[in-house]
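this one's sequence-less:
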Ligand code: HEC
Ligand code: HEC
């Protein structure tokens, strides 16, 4: 009798752990399972040279080209269409979506289609790409039958082809930084920006165009040509996590990264500057699934919009109901 109760208890604990592991209650998205710890070698993208010399291979290469130099094709002076703000996908998905912790695409093919709480529906890769076009590039969707959309999807599939379904490799996407005990402080962030960011991104965060004027050498961080308020980076944790591992861009490998505090504070500064406003009110139809740092109410808890935007986040997260 005692033994079977013990076994039942063990099973219960195991099931609870599995439940929490498979549910990303912080981001509100159903989560693909992270690779087991012992298999956590850093993801490496397949070798570009191995893209086959076929018609399909040509499309994969075109997809990579579109991700790297989006503005040349789809920007305000684009040769294919004028449907985005002049940024490149690569500005945020570094090295054409291949860099570790550089918001890479390694987990996309293995995890889509998936349910996303932001739209409250099952999303395809196609929909997710258009999400970034409309929000991060403050533009318009690509037609799903277009050669450009096909090429982008084929490239993303090719990158992730070795990852088993449902697995998120180590180094995928953007890192989650530990929380601070205080709210992120935009006035401290302003100082970080002046010291460590403005030399490239411009003192007004507006970025610097190349000499042809068709692409950014240094992309804008706010203002008319930046991501809009429905974009992933408009959530503080996404911006801080991205900046922590990837900026300043020219940092030597052995140079220390900026501190977590600097990353949170500079993110608060950047996201309190003006940018295109869309306020997608139909986002997160189930408000219980909103991530802790979603910048717009209504919320399922009593914390203010300001606290959801800038923190402190610990008590918000502790009170949050896990999504399932
Ligand atoms: C301003 C920055 C920015 C730009 C530019 C941008 N994205 Fe994104 N993208 C993000 C962020 C932030 C996320 C969400 C990452 C997270 O939540 O961890 C994301 C997520 C994605 C995902 C889903 C990744 C996953 O693992 O679920 C895809 C696919 C994607 N972007 C494609 C694109 C494409 C294609 C372009 C160009 C047309 C583009 N993005 C441009 C910031 C950007
Ligand atoms: C040496 C120049 C340089 C410095 C310094 C630098 N950046 Fe960047 N940053 C870049 C470049 C270049 C890119 C685009 C990378 C690419 O396209 O491959 C970028 C991209 C970004 C992006 C994503 C694209 C966008 O415009 O939204 C953010 C956010 C960002 N930087 C924030 C920062 C912050 C914050 C700092 C200071 C802590 C900083 N950067 C310092 C060069 C720099």
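Okay, I see it. Being a predicted model, the structure only gives us computed values, none of them experimental. Ligands and ions are numbered 1, 2, ... in the order given.

Tell me who's in contact with whichever residue of the stretch 201-324 of the chain sits closest to ligand 1.
Residue of the stretch 201-324 of the chain nearest ligand 1, by Cβ to the nearest ligand atom: residue 232 (2.7 Å). (C-beta placed from N, C-alpha, C; glycine too.) Contacts of residue 232 were listed using Cβ atoms under 8 Å, 6 or more residues apart in numbering, and they are 132, 135-136, 238.

Need the phi and psi values for the closest residue to residue 274 other than its chain neighbours.
Leaving aside its sequence neighbours, residue 274 sits nearest to residue 222 (Cβ to Cβ, 6 or more residues apart in numbering; 6.2 Å). Phi and psi for residue 222, reported as degrees, to the nearest 10, are phi -150, psi -180.

ok, residue 222 - how many residues close by?
20 (other Cβ atoms under 10 Å).

and it, what is it in contact with?
Contacts for residue 222 (Cβ under 8 Å, 6+ apart) come out as 205-206, 270, 273-275.

try residue 95
102, 104.

And what about it, helix, strand or coil?
helix (DSSP: H, G, I helix; E, B strand; the rest coil).

What's the separation between it and residue 150?
The gap separating residue 95 from residue 150 is 22 Å, by Cβ to Cβ, to the nearest Å.

Quick one, which of the contacts of residue 222 are buried?
205-206, 270, 275 (16 or more other Cβ atoms under 10 Å).

Among the contacts of residue 222, name the ones in helices.
Members of the contacts of residue 222 lying in helices (criterion: DSSP state H): residue 270.

Pull the most distant pair out of the contacts of residue 222.
The most widely separated members of the contacts of residue 222 are 206 and 270, with 12.2 Å between them, by Cβ to Cβ.

tell me which parts of the chain are close to ligand 1?
67, 70, 87, 89, 91-93, 103, 105, 107-108, 125, 128-129, 132-133, 136-137, 152, 173-174, 227, 231-233, 238 (Cβ under 6 Å from any ligand atom).

My guess is residue 107 contacts residue 172. True?
Yes - with contact defined as Cβ atoms under 8 Å, residue 107 counts as touching residue 172 (4.1 Å).

one step back: Throw the contacts of residue 232 into JSON lines and include neighbour count and pLDDT, thanks.
Shown next, in JSON lines, are those (neighbours: other Cβ atoms under 10 Å; pLDDT from 0 to 100):
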{"residue": "132", "neighbour count": "19", "pLDDT": "98"}
{"residue": "135", "neighbour count": "21", "pLDDT": "98"}
{"residue": "136", "neighbour count": "23", "pLDDT": "98"}
{"residue": "238", "neighbour count": "22", "pLDDT": "98"}
